[in-house]
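Novice: Dropping the sequence and predicted coords here.
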Amino acid sequence: MAIIYVTDGVWGTGTGSPLTAAEVDTNFWDLDFRVTEMEENPPSAVGISNIEVIGSQMMIFLSDGTTFGPYTLPVAAFEWRGEAQDGQPVFELDIITVFGEGLFMVLQDHTIDLPFNPDLIILGEPAYLRLWGDDPYRYDVACFVPGAPGLGLDPDEDRLFSHLFATQVFLEDNLANSLFQLRVGPASSLEFEIRKNDTPIGTLNWGAGDTDPAIDFPDAVQFEPGDRLSIMPPVAIDGSAVEFTGTFAGRRGLIPGS
């Protein structure tokens, strides 16, 4: 039903005479019907039907067929810096590893000072974000020997401890970050020889009463799958020494620069 007009205009030709009461009511009824229909059956709102990202380009598609884009998305430039070094300049979004600490993303430009502080604050804000637990390259080898170390063992044929590697691992010079201890120190000096397969590579040396040894391990040593790390029994048993505990802090992979 069409609206009835009196005059001519953009709406078309009018009646040319005043509307009757019935025509006025018909116009009101027509408008009321249309408004009520919209109230009871409103049109669906236009919304996002799909977002498509290809590479660094993003397109937005609306439910009425309208499209927006493409928009270029920002891309973070992460930079792998390897193992953290003393005095090394690093920049925001650099990625570093720290032995014994983990994998970190740099949040602020600065120069690294060792020993590494994972909780470093610069101008009130953290300098690092830890991405992954402890050092992802760490490979610890632990041992425990109860009683008097070496008691009942042949110092030439037996092993106080032995570990067979299944992957590439190296031990750093001076056995950095490794720990060794006797619960009770020896009455006199005591020495454990460390071997790679059958080759001596270092020693652990205790003085009388010492629980922590002096470590003689001058060079980093590479182990391949199938290589064996061993601690040999002492040549002379010291009955005062009790309970040996040790952890070799190895690292996966190859010796840097090798």
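Specialist: Received it, and whenever you're ready, just let me know what you need.

Novice: Report how many residues lie close to residue 153.
Specialist: Other residues near residue 153 come to 16 when the count uses other CB atoms under 10 Å. All C-beta atoms are positioned from the backbone trio N, CA, C, and that covers glycine.

Novice: just residue 27 next, same as before
Specialist: Neighbours of residue 27 (other CB under 10 Å): 16.

Novice: Provide the backbone phi and psi angles at it.
Specialist: phi -60, psi -50 (degrees, to the nearest 10).

Novice: Next: residue 39.
Specialist: phi -70, psi -40.

Novice: how many other residues sit next to it?
Specialist: That count, for residue 39 with other CB under 10 Å as the rule, works out to 8.

Novice: Make residue 1 into 51 and carry on from there
Specialist: Noted, 51 is the first residue going forward, which turns the last one into residue 89.

Novice: so who does it touch?
Specialist: Applying CB atoms under 8 Å, 6 or more residues apart in numbering, we find residue 89 in contact with no residue.

Novice: got the contact list for residue 61?
Specialist: 53, 55.

Novice: Apologies, that question was intended for residue 117.
Specialist: 109, 110, 111.

Novice: Surely residue 275 is in a helix?
Specialist: No - applying DSSP: H, G, I helix; E, B strand; the rest coil, one finds residue 275 to be coil, outside a helix.

Novice: Kindly indicate which of the contacts of residue 117 lies nearest residue 88.
Specialist: Residue 88 lies nearest to residue 111 out of the contacts of residue 117, by CB to CB, at 26.6 Å.

Novice: any idea which helix or strand carries that closest one?
Specialist: strand 107-112 (DSSP states H and E).

Novice: Could you point out the helix or strand that follows that strand?
Specialist: strand 117-122.

Novice: next helix or strand past that following strand?
Specialist: By DSSP H and E, the next helix or strand past strand 117-122 is strand 129-133.

Novice: what element comes up after that next one heading to the C-terminus?
Specialist: Heading towards the C-terminus - elements assigned by DSSP H and E - strand 129-133 is followed by strand 139-140.

Novice: Just give the strands next to that following strand in its sheet, each with its orientation.
Specialist: Its sheet considered, strand 139-140 pairs with strand 160-161 (antiparallel) by DSSP bridges.

Novice: Partner strands of the next helix-or-strand element following the strand it pairs with, with direction?
Specialist: For strand 160-161, the succeeding helix or strand toward the C-terminus, using DSSP H and E, is strand 171-172. If you go by DSSP bridges, strand 171-172 pairs up with strand 175-176 (antiparallel).

Novice: these two touch, right, residue 67 and residue 56?
Specialist: Yes - with contact defined as CB atoms under 8 Å, residue 67 and residue 56 form a contacting pair (7.0 Å).

Novice: More neighbours: the two, which one.
Specialist: More neighbours surround residue 56 than the other of residue 67 and residue 56, with 12 against 8 (other CB under 10 Å).
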